[in-house]
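A.B. asks: okay, structure incoming, though there's no sequence with it:
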């Protein structure tokens, strides 16, 4: 079976150091005009990679909206939300860590639940006097 440029699949496989079945599979998957081969192959590969990954629980729009409404509307903590969803939906339950992770990443559109404070909130205690203002007797005193 001639491949690109009239070369045999086995010839291409031998030069690449790959099995002929691998080269044949890639030609079937990504075969097209030579000028568009790489971008199309890259897009197809990226699409296949996305499809084989595990989907997150909150990708389902109905579940996402339910979690958001319970956390924002009723101001429930993640434990209570997870318990309610487990009662109502059973198999489509969401764990508390999934809800907390979604809140932390900003995936639930809940801006008021993100941490606002940062840094040191303690006030400075002013010194009662400068070292230059010390009495002369203090300069002579030494601690042993």
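C.D. replies: Thanks, I have the structure now. Given the structure is predicted, the values throughout are model-derived calculations rather than measurements. Numbering: from 1, shown residues only.

A.B. asks: give the next helix or strand downstream of the biggest helix by length in the chain.
C.D. replies: For the chain, the longest helix by residue count, based on DSSP state H, is helix 37-52. With elements assigned by DSSP states H and E, the helix or strand that comes after helix 37-52 is helix 61-68.

A.B. asks: list the buried residues for that following helix?
C.D. replies: Across helix 61-68, burial judged by 16 or more other C-beta atoms under 10 Å covers 63, 64, 66, 67, 68. Bear in mind the C-beta positions are built from the backbone N, C-alpha and C, glycine included.

A.B. asks: ok, stretch 69-84 next?
C.D. replies: 70, 71, 76, 78, 81, 82, 84.

A.B. asks: and it, how far apart are its ends?
C.D. replies: From its first residue to its last, stretch 69-84 covers 12 Å (C-alpha to C-alpha, to the nearest Å).

A.B. asks: try stretch 92-108
C.D. replies: In stretch 92-108, first residue to last residue: 18 Å (C-alpha to C-alpha).

A.B. asks: all set now, cheers.
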